[in-house]
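Undergrad: Quick one, fold the following:
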Amino acid sequence: MLIVIAAMARTPEEKCGTIEIMRTLRGEPGGMNPDYLAMKRIMRPTLPYQYDTPQGNFKIHYTLTGGDAIDSLGYAIKIGEYMERCWSVYADSFGYIVPPNDGTLGGDARYDVYLRNISAYGLTYPGTDGGQPWDDLTSYIELDNDYSAAYPNDDPDGPVAGAMRVTAAHELHHAFQFGLYGSCASWIAEMSSVSMEERMYPLVNDYIWLLDYLFDDPQLSIAYEFGYHMYGMGLYAEYWNMVYGDDFLATVWDTMRFIPNEEAVYAACDVFGTSLLADMADFAATALFVGSRDCGFYPDGAAMSDMEVAHTHSTYPASGGASPQPYGYGMNFIIFENFGVSPVDLRIDFDGADGVEWGVRAVWKDGDSIAVFNLTVAAFAMGSVVVPFVNEAEMVGLAIIPGGEFASRYNFSYSAEIQPAGITEHSMPEEIEIRAFPNPFNSSCRIEVSDSIGEIRIYDIRGELAHVLHGPEFVWDGKDMNGKPLSNGTYLIRGCNSGSFAKVVLME
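TA: The predicted structure follows:
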């Protein structure tokens, strides 16, 4: 049964039906029948039994007979357990204002969850006005009564438990959203709730297939409302969780009470000392390196699909343009590879459409090591960057984001050429061999050379001198010449008066 389902086409509505509800609330196409939604907002399902969670937040409604029957009370107890865990994190760790209570609808003021035979894993229905000065709505959740046909996932307890857990995380986040901004846009609601699946239950990994909607069409805007791109942008919300902790999304949704949708995201970026354009460019620098290009940044990166790349270049000089043209706050990716073995740098020149800001990042990548370079786009939307020692990299990625109107597309062009490495070389008649071990290292590494030299120099990936070691034995503790610990990353070791280099990775 599971194998047959896995082979079938799957759509996000099968997992979360709330997307149709939100579209209907906002008068957008692709929603459910407005009359049906109006009825569901005021009329609750009728089920004969209730289970009240010990923590006091949920009333789980169920039946043991008929088409909506669950297999036992234990099913309701498990749902309640998963719901309470998510409630605790959202309310306590995130500091979200809890969903407004609906009085005695459903029996009492506890939040109501109905277990029914539905066509999705779950969905969250808005109710009536919650009574706050902002646009808050009461709500209730319907969850499927039987996950035995759940799609495969990685939950150690099996796909049924995994489906129950991530559905609780996803739908309850929608409930909190309705309480903070009942008319929120679908894109910010879904990307947030998708990321909560990984935040709450990182071992399940049922969200990974949703990310394909981003990987297939990265050029679409962050706020693209049609199709399913918004689910794939859950990776961006996961990036927020990883880089900023829970505070970023909490700030977004708290701000949504008074400033809606993208304006709330702009405001949150400002609170965290960045802009949406700069932050999204930094995200894009990580998002390229998943799937077969995985660098280990995302815990599940190797299990993801590859990001769609507009152009790949392996001969130089190289040039190209936007294909497809990215929307405002959409992404384009270019890859450069095959740089030879001699020490060389890669100069990249960029020319974007005038009248719009651009976020451009060049990323040096080798194995699990990456280094990100900001290509500053200045007057006339032009800029350049030199990526050093590309001969030591398996590839260099270029991530390009226009900070323009969401519904508009933008053109750009670029060129790239190889040039001699920025560090002056004084080659010896014979190259020497340099080895570092352990590699990667986290406390110290021993550096061996095949010839007697009195000095070796260590450079960071930007070509700046980090440390000088004097022989005859060389041991490096990952610090600079002032004894200050250096940041994680790739460093290049050069023998004094030699053209030889070795690469070592510092990883605390």
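Undergrad: hey, let's count contacts and neighbours off CA atoms from now on
TA: Fine.
Undergrad: Ranking helices and strands of this protein by mean pLDDT, which lands last?
TA: Within the chain, confidence by mean pLDDT, DSSP states H and E is lowest for helix 2-7 among all helices and strands, at a mean of 32.
Undergrad: For this structure, which segments are assigned as helices?
TA: Per DSSP state H, the chain carries helices over the ranges 2-7, 12-15, 18-25, 34-42, 73-88, 159-180, 186-200, 212-216, 229-232, 234-244, 247-255, 261-271, 276-287.
Undergrad: Output those in a markdown table; the columns should cover distance to D112 and mean neighbour count.
TA: Rendered in a markdown table, the data for the helices of the chain read as follows (distance: least, C-alpha to C-alpha, whole Å; neighbours: other C-alpha atoms under 10 Å):
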| stretch | distance to D112 | mean neighbour count |
| --- | --- | --- |
| helix 2-7 | 30 | 11 |
| helix 12-15 | 20 | 17 |
| helix 18-25 | 16 | 22 |
| helix 34-42 | 13 | 13 |
| helix 73-88 | 10 | 19 |
| helix 159-180 | 11 | 26 |
| helix 186-200 | 19 | 25 |
| helix 212-216 | 32 | 21 |
| helix 229-232 | 26 | 27 |
| helix 234-244 | 26 | 20 |
| helix 247-255 | 22 | 21 |
| helix 261-271 | 27 | 18 |
| helix 276-287 | 36 | 22 |
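Undergrad: Export those as JSON lines, with columns for distance to I118.
TA: Converted to JSON lines, the helices of the chain look like this (distance: least, C-alpha to C-alpha, whole Å):
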{"stretch": "helix 2-7", "distance to I118": "17"}
{"stretch": "helix 12-15", "distance to I118": "9"}
{"stretch": "helix 18-25", "distance to I118": "12"}
{"stretch": "helix 34-42", "distance to I118": "14"}
{"stretch": "helix 73-88", "distance to I118": "16"}
{"stretch": "helix 159-180", "distance to I118": "13"}
{"stretch": "helix 186-200", "distance to I118": "20"}
{"stretch": "helix 212-216", "distance to I118": "24"}
{"stretch": "helix 229-232", "distance to I118": "21"}
{"stretch": "helix 234-244", "distance to I118": "24"}
{"stretch": "helix 247-255", "distance to I118": "29"}
{"stretch": "helix 261-271", "distance to I118": "29"}
{"stretch": "helix 276-287", "distance to I118": "34"}
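Undergrad: Least confident of those helices, on average?
TA: Lowest mean pLDDT of the helices of the chain: helix 2-7, a mean of 32.
Undergrad: And the spatially most central residue of the chain, how close does it get to L210?
TA: Centroid-nearest residue in the chain, with C-alpha atoms, centre = their mean: L235, separated by 2.4 Å. In this view, L235 and L210 are 9 Å apart by C-alpha to C-alpha, to the nearest Å.
Undergrad: number of nearby residues for F333?
TA: 26 (other C-alpha atoms under 10 Å).
Undergrad: Distance of it relative to A287?
TA: Between F333 and A287 the computed distance is 10 Å (C-alpha to C-alpha).
Undergrad: since we're on E417, how many residues are nearby?
TA: 15.
Undergrad: Tell me which residues touch it, please.
TA: 316-318, 346-348 (C-alpha atoms under 8 Å, 6 or more residues apart in numbering).
Undergrad: Show me which of those are buried.
TA: 346-348 (16 or more other C-alpha atoms under 10 Å).
Undergrad: Sort out for me which of those residues are in strands.
TA: Applying DSSP state E to the buried ones among the contacts of E417, the entries found in strands are 346-348.
Undergrad: For V113, state which of these is nearest.
TA: I348 (54.9 Å; C-alpha to C-alpha).
Undergrad: What sits closest to I434 if chain neighbours are left out?
TA: Among residues not flanking I434 along the chain, V449 sits closest, at 4.5 Å (C-alpha to C-alpha, 6 or more residues apart in numbering).
Undergrad: and that neighbour, how many neighbours does it have?
TA: Around V449 there are 17 other residues, counting by other C-alpha under 10 Å.
Undergrad: Distance check, it against K479.
TA: Plainly put, V449 is 20 Å away from K479 if you go by C-alpha to C-alpha.
Undergrad: Now do the same contact list for M196.
TA: M196 makes contact with 169-170, 173, 238 under the criterion C-alpha under 8 Å, 6+ apart.
Undergrad: next one: S413
TA: Counted by C-alpha under 8 Å, 6+ apart, S413 has contacts 319-322, 350-352.
Undergrad: at 6 Å instead, please
TA: 320-321, 351 (C-alpha atoms under 6 Å, 6 or more residues apart in numbering).
Undergrad: Just the buried subset of those, please.
TA: Using 16+ other C-alpha under 10 Å, the buried members of the contacts of S413 are 320-321, 351.
Undergrad: Restricted to strands, list those.
TA: 320-321, 351.
Undergrad: Pipe those residues into CSV and attach pLDDT and distance to P218 per row.
TA: Shown next, in CSV, are these (pLDDT from 0 to 100; distance: C-alpha to C-alpha, whole Å):
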residue, pLDDT, distance to P218
G320, 96, 18
G321, 94, 16
D351, 96, 20
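Undergrad: Mind putting these into JSON lines with distance to F412?
TA: Shown next, in JSON lines, are those (distance: C-alpha to C-alpha, whole Å):
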{"residue": "G320", "distance to F412": "9"}
{"residue": "G321", "distance to F412": "6"}
{"residue": "D351", "distance to F412": "6"}
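Undergrad: what's the domain layout of this structure?
TA: What the record gives for the chain is the domain set 2-273, 305-420, 434-506, from automatic domain parsing.
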